[in-house]
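# Okay, predicted coordinates and the sequence, questions at the end:
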Amino acid sequence: MTLLVIVLLVLGAWLVMTFNGLVKLRNQVANAFRQIDVQLKRRHDLIPNLVESVKGEMKFEKETLERVVQARAAAVSAGQGGNMNEILAKEGQLTQALGRLFALSENYPNLKSNDNVRQLMEELTHTENQIGFSRQFYNDVVTKFNTAQQVFPTNLFASLLGFSPSELWELPSDSPERENVKVNLSI
């Protein structure tokens with residue numbers, strides 16, 4: 001009888017520790033996603049200023065500017081209640097549109113010498129780097145959380161305790177970001 005009580009106490013203590021550990025990891029996943037969200041918001045806020053700053057100089061690149069504005073609008077709306085795959089797809093389209101804008105801006109010497117444009121591009125580049133680091137941290141935390149749920153004996157209880165795996169932030173297989181960069185060095 002005493003042995004049974006001890007086993008039940010040990011099992012109960014283990015379940016409490018397992019539950020608390022999974023809650024901690026789930027909260028870290030949510031926090032990591034919110035860190036990405038903060039950086040995405042910063043990027044979304046910088047883009048209209050950049051577009052306005054380059055609009056006058058890049059009047060021949062109206063289509064590129066419109067794509068950036070449309071991609072930003074889609075990314076903002078995806079972030080409001082969208083699922084991870086939708087957010088990732090829309091943010092990927094925005095990244096591609098910004099890349100095109102950055103590449104085209106190299107053809108405009110006045111833009112490169114404009115302090116406001118240069119500062120906005122530097123801030124946007126810094127924000128893009130922060131987004132990359134935040135995504136990496138998010139994936140690290142999600143991997144820990146998912147692994148904690150999948151290892152024995154936790155896997156026997158995780159779903160019963162209300163836990164489910166989180167999605168990694170990864171590029172869809174058909175994402176333009178997966179394509180090789182085309183470099184043309186011809187003059």
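It's in. Residues are numbered from 1 along each chain as shown.

# Output the lowest-mean-pLDDT helix or strand in the chain as CSV - backbone C-alpha positions only.
Every helix and strand of the chain was ranked by mean pLDDT, DSSP states H and E. The lowest is helix 109-113, at a mean of 76. What follows is helix 109-113, C-alpha atoms only, in CSV (Å, rounded to 0.1, in the frame of the first residue of the first chain):
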residue,chain,number,x,y,z
PRO,A,109,22.3,57.7,-58.3
ASN,A,110,20.1,60.4,-56.8
LEU,A,111,18.5,57.9,-54.6
LYS,A,112,21.8,56.5,-53.4
SER,A,113,22.9,60.0,-52.4
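
# Packing partners of the longest helix that the chain contains?
For the chain, the longest helix by residue count, based on DSSP state H, is helix 2-55. Under the contact criterion of 3 or more C-beta pairs under 8 Å, 6 or more residues apart in numbering; DSSP states H and E, helix 2-55 touches helix 62-79, helix 84-105, helix 115-150, helix 154-157. (Each C-beta comes from the backbone N, C-alpha and C, glycine too.)

# Of all the ones you listed, which one comes closest to A30?
In terms of C-beta to C-beta, the element of the helices and strands packed on helix 2-55 nearest to A30 is helix 115-150, at 9.3 Å.

# hmm, back to that, can you pull the buried residues of the least confident helix or strand of the chain?
Within helix 109-113, the residues scored as buried using 16 or more other C-beta atoms under 10 Å are L111.
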